[in-house]
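Q: pasting the structure only:
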């Protein structure tokens with residue numbers, strides 16, 4: 001059996017952090033609209049939560065945002081604890097993620113491999 005409580009809690013924490021990021025006034029989190037919470041991994045006992053942050057602007061921007069989120073960790077923990085009515089809030093750890101850059105690189109490689117007129121293959125004239 002999977003630990004359903006940890007799964008539900010990670011989804012809720014992800015939602016709360018992504019909503020609260022837009023309210024933070026830290027200059028390192030300047031473009032909160034360009035930041036994405038990729039995933040949250042809550043431990044089975046609910047005492048730790050790893051949160052992966054990615055940015056559309058690149059990995060360097062995500063690393064700066066992680067520094068800002070680490071300084072606002074207390075505010076985020078208080079918000080999570082109040083919304084989820086937790087007695088003990090999990091310890092947050094923010095990790096910069098480069099999945100956006102990686103997926104863009106793979107997409108670019110796939111476009112270079114595929115032929116340019118791949119959509120016109122089925123439109124040949126029958127004689």
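A: That came through fine. Here the structure is a predicted model, which means the values were calculated and not measured. Numbering: from 1, shown residues only.
Q: thought residue 14 was touching residue 42?
A: No - counting by C-beta atoms under 8 Å, residue 14 does not reach residue 42; the two are 9.7 Å apart. The way it works is simple: take the backbone N, C-alpha and C, and place the C-beta from them, glycine included.
Q: the two: which is more packed in?
A: residue 42 (23 against 19; other C-beta atoms under 10 Å).
Q: contact partners for that one?
A: 6, 7, 9, 10, 13, 48, 49, 90 (C-beta atoms under 8 Å, 6 or more residues apart in numbering).
Q: the chain: helices as residue ranges?
A: Ranges of helices in the chain, per DSSP state H, are 4-21, 59-71, 73-84, 99-113.
Q: now do the buried residues in the helix or strand of the chain with the lowest mean pLDDT.
A: Sorting the helices and strands of the chain by mean pLDDT, DSSP states H and E puts helix 99-113 at the bottom, at a mean of 85. For helix 99-113, burial by neighbour count (16 or more other C-beta atoms under 10 Å) applies to 100, 101.
Q: picking up where we left off before, so among the contacts of residue 42, where is pLDDT lowest?
A: Among the contacts of residue 42, residue 6 has the lowest pLDDT, at 83.
Q: can I assume that one is in contact with residue 43?
A: Yes - if you go by C-beta under 8 Å, residue 6 and residue 43 touch, sitting 7.0 Å apart.
Q: okay then, goodbye and thanks.
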